[in-house]
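Any chance you could fold what I've pasted below:
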Amino acid sequence: MAAASAGDMVWVPILEEGVFRFDASEDTRVAAGPSLSFAEPRRREVQREGGDRPSVLPACEVAGNVQKVVIKVVRTFREKGIPCDVVWMDIDYMDGFRCFTFDSNRFPDPKSMVDDLHSIGCKSIWMLDPGIKKEDGYFVYESGSKNDVWIKKEDHSPFIGEVWPGDCVFPDFTIERTRTWWASLVKDFVSNGVDGIWNDMNEPAVFKTTTKTMPESNIHRGDEDIGGVQNHSYYHNAYGMLMARSTYEGMALSSTDKRPFVLTRAGFIGSQRYAATWTGDNLSNWDHMHMSLPMVLQLGLSGQPLSGPDIGGFAGNATPKLFGRWMGVGALFPFSRGHSETGSIDHEPWSFGEECEEVCRLALLRRTVPTKGAHECVHKLPKGVWSPFDFGDSHHDLPVMYLQGGAILPVGLPIKHVGDASLEDDLSLLVSLDENGKAEGILFEDAGDGYGFTQGNYLLTYYVAEVHSSVVSVKVLKTEGSWKRPKRNLNISILLGGGAMISSRGVDGEELHLTMPSQSEVSTLVATSELELKRRLEMIRPIPDIDEPSGQEGAELSKIPVDLKSGDWLLKVVPWIGGRIISMTHLPTDSQWLHSRIEINGYEEYSGTEYRSAGCTEEYKVVKRYLEQSGEEESICLEGDIGGGLVLQRHISILQDNAKIVQIDSSIQARSVGAGSGGFSRLVCLRVHPTFTLLHPTEVVVAFTAINGSKQEVSPESAEVTFEGDLRPNGEWMLVDKCAGVSLVNRFEISQVSKCLVHWGTGDLNMELWSEERPVSKDTPLRICHHYELRQTS
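Predicted coordinates:
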C-alpha cells in the first residue's frame, strides 16, 4: 500500500452520483440489496460449546486478556508452525473503552509487549472507534471540545449517542480542522509501538436506535469544497472513509519511512487509498462462508482490492469443518484474518482438533503463493486451459487450485511470517502454457516498507515461456527498477495437467530450457500423478463432521419426524432441518396440503428478505412437546440458532378448543446479541414461506378482501404478486380449490404482517407473510402468529 507524503491533508472531491458504499453496517448493506442468494446452501453444522477466547489467524484478535496471554498465543503459533503475521487488539485493551488509552491492568506496558511481539516476527494492530466518551477530564474529550470538532444536533449542541464507553460525542471528519486534530492524536498514539490501526463502528454506529446510526438531521459543518454545511444524510456514506483517511494521515505523520496500515469497516469510493476493508460482523455459518467469496471479488472489482471477511465468522461458534474450510479459501483472500466476538468458543486453529489444525497450517503456508483458488466442489471453470496444481499439500478440506493457461506464477518458500523471507531465497516459477504454447508472468520486489519504490528502488521482472520444437524456453523478457537481481536459484515447473509436471533448476536471470515429453509420456505422468494423489488423500484424515447436537432437550427426537395429530389435522415436523413441517394432512378429506421434500419446501421460515436465508436449514432443538393424551393441546415448540445471538422460535399447535385449526406462532428473539449491537441485532425479517400442493392446478385462485375493501382474486397466470399497505389482505386470505369445493384459510394479525406475497409454481403455490424488517432486541422481537383452517365452499 503506497502512502501519500506526510504533511497537510489535501481534500480530493469524491462525492458525486453513481458512487457506492461498501461497509458492514447491516441496515445500509441490506438497503443496497443482497450480493447473492443460494438456492441450496450447505447444511450448517451443530455448534460447539466451550470457552470465550476470541479467534486468531493469520492475523489474530485478542479481547479481554492480559498482554502475557497475547504473547503466549503468538508463541503457540510459532511452536505449531502455523503462519501468523499480526495480532489484533479489540477495544478491550482500552481504559473503559476510551480511545487512545490503555487498560493499565490488562496492558500495563504495551510498548514492552509490542517489542516482545516484534522479537518473534509479529506485529500488532489496535482498534480506534469514532465514539469519544463524554467525560470531563478525559484528554481526548477535552481537546476535542476545545477545538470544536463534534458533530452537532439541529440546535447546534454536540450530538450525544451511546456506544461502548456510554454517552459519546463524534468527531466531524468533514471539517479539515477535525481531521488534523484526529491525525495528531493518532501520531502520538503510534509512539506506543502501534504498527497499525483498525477503525471500527465508523458508519458511524450508535447503540439503542433501530437505524443503528445517528439521526439524519444531525449537522456536519463540512468544508466548502465538499459540500459545506449539510445534514448527516448527505455525509453519512463518506464518514467512514474520512475517518480512515484521518487515521492514515496521522500514521504517515508519525513516521516518514513506514507505510501506514489502516483497516476500516465502513468505506466509500476512494477509501482504498487509505485503508483495507473487512466485511464486518458476519456469522459462523456456511451461508456467510459462501457469501464471503463473491463479496471479496466484488469489492476488488469495485476498486477495493485489499479486503476480506472474519474467517470462521464473527458471531456464533464455528465448527471444525466450517472453520477449516473457511480458512482453506480465506487464506487466499487479499486480506486474511480471524476474528470472533466475546463469549464465543476458542477460535484458534488448534481449538478445533488436530485435523482442523493441520488444514489451517497447510492453508496458511499456501498464503505465500498468490494463487487463484477454486473450491473443491466447483468445477465450472472459464474457457481455456486450466491446470490443477498443489505443493504436495492436497487435502479433502482444502480448495483445489488451478493455474490458467498462459500464466507464470512466481512462488516463494513457505514462511511463518513475512520477516522470515529473504530476497536470496529460492524462487520457483509455475508455468501453465496456453493453446499456443506461451505463458507470461511478473514479479515485483521491493523493501516491503517505506517509500524507496517511489524513487525506483525496486525490481519488476517480466518472465516469458514459449515452446519451440518441443523445447520450452523460460527467460526474463525485461525488467524495471534500479535494484540488481538477487543471486538465487530458480526452479521451473511446467504443468502438464492432472497435477503432473516436469521441472528443471537453474539461476534466476538465465534462460532455462526444458524438453516437453511426448503425448504418451504425458499420459503416463498424469496417470502416475493422479494415482499418487489418490493414495495421499487416502492417508489423510479429513476434518470430522459434527452432526449431532449435544446437551439439547429433546435431542432424541432430532432424527425422527414428530407427529402432531388431533382433531382434523395430522402434521409431520422435521426438527433437524429447519424445523420444517413436511406434511399437513386434513383427515376428514384425506387431503395433503404441503408440497415438500425433507430438505426443502413444505412449511419453512426465514430470518431475512433473501430466499432461504438463515432459519430454514439449521438444526432446531425441541424446547417443549405437549401431547393431547396428557390433557394439553397437541403442540411442539422448536428453536433454531440463526447466529448473531438470535433464535427463531416456532410454536406449532392444533388448538384444544378448536381442533379444526392449526396455529403457528413464530418469532425472532434476541438472546445474546453480538459486539457493536448496543442491544440490537442485525437487520432481520420474519418471512413465512409455505409451499402448498395444488390438487387441481387450473382450478385454484387466491382470494381475499383487502384492507381498503377491494376484492382480490389472484390466478396462476399472475406468476408472482406482492401486496403491501392497504392492498394487504384484511387479516385473512384463502387458497380456493374450485374443483374440490374447499378453501385453505390463512388468518393473521395485520399489525404483524407488512407484506403478503403470492408465487405460483408448477403444481405448487407460496403464500408468504413478511414481518417488517428491522433489528430486534430482547424487548422487541419480531412475531407472526397465524392460523390455518380448511373450509367447505359452494
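
Would you list the phi and psi of the closest residue to Leu242 other than its chain neighbours?
Among residues not flanking Leu242 along the chain, Phe173 sits closest, at 3.6 Å (CB to CB, 6 or more residues apart in numbering). Backbone N, C-alpha and C define where each C-beta goes, glycine included. Phe173 adopts backbone torsions of phi -70, psi 0, taken as degrees, to the nearest 10.

Against Met241, how distant is Phe173?
9 Å (CB to CB, to the nearest Å).

and if you look at Arg535?
52 Å.

for Pro517, same thing?
Taking CB to CB, one finds Pro517 at 54 Å from Met241.

same question, Ile560
54 Å.

Likewise for Tyr141?
Taking CB to CB, one finds Tyr141 at 24 Å from Met241.

Equivalent analysis for Ser104, please.
33 Å.

Phi and psi next, for Arg361.
phi -60, psi -50.

Quick check: closest non-adjacent residue to it.
Ile82 (4.9 Å).

for that neighbour, what are its contacts?
Going by CB atoms under 8 Å, 6 or more residues apart in numbering, Ile82 touches Leu57, Pro349, Trp350, Glu357, Cys360, Arg361, Leu364, Lys416.

List the buried residues for stretch 203-213?
Residues Glu203, Pro204, Ala205, Val206, Phe207, Thr209, Thr211, Lys212, Thr213 are the ones in stretch 203-213 that count as buried (16 or more other CB atoms under 10 Å).

Distance to Ser771 added to the residues you listed, as TSV?
Below are the buried residues of stretch 203-213 laid out as TSV (distance: CB to CB, whole Å):
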residue	distance to Ser771
Glu203	24
Pro204	27
Ala205	24
Val206	24
Phe207	23
Thr209	19
Thr211	18
Lys212	18
Thr213	22
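
from those residues, which single one is nearest Gly643?
Using CB to CB, the shortest approach to Gly643 within those belongs to Lys212, at 17.2 Å.

Name the SS class of the closest one, please.
Lys212 carries the three-state label coil when classified by DSSP: H, G, I helix; E, B strand; the rest coil.

Begin at 7 from now on, thanks
I'll keep to 7 as the first residue from here, and by that count the last item is Lys218.

wait, doesn't it sit right on Glu209?
Yes. Taking CB atoms under 8 Å as the definition, Lys218 is a contact partner of Glu209 at 7.3 Å.

With adjacent residues omitted, what lies nearest to Gly309?
Setting aside the residues directly before and after it, Gly309 is nearest to Gln278 in space (CB to CB, 6+ apart), at 5.7 Å.

Just say helix, strand or coil for that neighbour.
When classified by three-state DSSP, Gln278 comes out as helix.

close enough to count as contact, it and Gly306?
No. Applying CB under 8 Å, one finds Gln278 not in contact with Gly306, separated by 9.7 Å.

Between the two, point out the one with more neighbours.
The neighbour comparison of Gln278 against Gly306 (other CB atoms under 10 Å) goes to Gln278, with 23 against 15.

check contacts around that one.
Listed by CB under 8 Å, 6+ apart, the contact partners of Gln278 are Gly309, Gln310, Pro311, Leu312.

just to revisit the earlier point, look at Ile566 and Met247 and report which has more neighbours.
Per other CB under 10 Å, whichever of Ile566 and Met247 has more neighbours is Met247, with 27 against 10.

all helices for the stretch 157-306 of the chain, in order.
Assigned by DSSP state H, counting those that start in this stretch, the helices in the stretch 157-306 of the chain fall at 182-196, 238-260, 292-307.

Can you say which of these is packed in most?
Burial of those is given as mean neighbour count (mean count of other CB atoms under 10 Å); helix 238-260 ranks first at a mean of 24.

What helices and strands are in contact with it?
helix 182-196, strand 202-205, strand 225-227, strand 268-270 (3 or more CB pairs under 8 Å, 6 or more residues apart in numbering; DSSP states H and E).

Between helix 182-196 and that helix, find me the angle.
Put simply, helix 238-260 runs at 40 degrees to helix 182-196, going by axes from the mean of the first three to the mean of the last three CA atoms, to 10 degrees.

How far off centre is helix 238-260?
A distance of 23 Å separates the centroid of the chain from that of helix 238-260, by CA atoms, centre = their mean, to the nearest Å.

residue ranges of the helices in the stretch 407-556 of the chain, please?
Going by DSSP H, counting those that start in this stretch, the stretch 407-556 of the chain shows helices at 525-544.

which sections of the stretch 307-456 of the chain are below the confidence cut-off?
Applying pLDDT under 70 to the stretch 307-456 of the chain flags the ranges 374-386.
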